[in-house]
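Q: next comes the sequence, and after it the predicted model I'd like to discuss.
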Amino acid sequence: MSKLFVTVGTTTFDKLICTTTSSSFQEELLTRGYTHITAQTGRYPDLISPVTGMTIRHFDYSSSIESEIESADLVIAHAGAGTALEVLRKGKPLICVINDDLMNNHQTELAEELSRSGHVLSATPDSLRSVFREAEFETLRPFPAVDSAVFRDFLGAVACS
């Protein structure tokens, strides 16, 4: 019984919710042992229906998604910096999905760099199913822990110069 958490962040990303809650994607999830989807959907307007064997819980927004991330075995999320860092710091496997409808799309750069570094898998809504199907989550590299000494030392050096 594995759990998937899907989040669109604070924006609208209907393509992500439509893809991850589609019958075909749910069937793909079931073949890999995922039986629960929790989705933070934003203002997604359509009805979400589980296929046989799948449980889906969804909500529009929340002041914190920390508990959903912690209880998930996999997170599929928009490629926003805040969400990506929160998931990576929790040590969860992450598929960053680029919202290519955004103007001046910084998500592409972030997702591609994190993917090149081996920390996440990167997808678009159209490629998500194949990325998930071929994913080898155990090969993802852990994200480095925060080293507050680096910032402290930097401030010390700047203050003393």
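A: Yes, it's here.
Q: next one: phi and psi at residue 47?
A: Per-residue torsions, residue 47: phi -70, psi 140 (degrees, to the nearest 10).
Q: middle-most residue in this protein, spatially?
A: For the chain, the residue lying nearest the average C-alpha position, counting by CA atoms, centre = their mean, turns out to be residue 77 (2.6 Å).
Q: can I take it that that one is in a helix?
A: No: assessed with DSSP: H, G, I helix; E, B strand; the rest coil, residue 77 is strand; it does not lie in a helix.
Q: contact partners for it?
A: When contacts are counted by CB atoms under 8 Å, 6 or more residues apart in numbering, residue 77 touches 6, 7, 8, 9, 83, 84, 87, 94, 95, 96, 97. All C-beta atoms are positioned from the backbone trio N, CA, C, and that covers glycine.
Q: could you rerun that using 10 Å?
A: By CB atoms under 10 Å, 6 or more residues apart in numbering, the contact set of residue 77 is 5-9, 13, 16, 40, 65, 69, 83-84, 86-87, 92, 94-97, 111, 120.
Q: go through the residues you listed and flag which are in strands.
A: Taking DSSP state E, the ones among the contacts of residue 77 that sit in strands are 5, 6, 7, 40, 94, 95, 96, 97.
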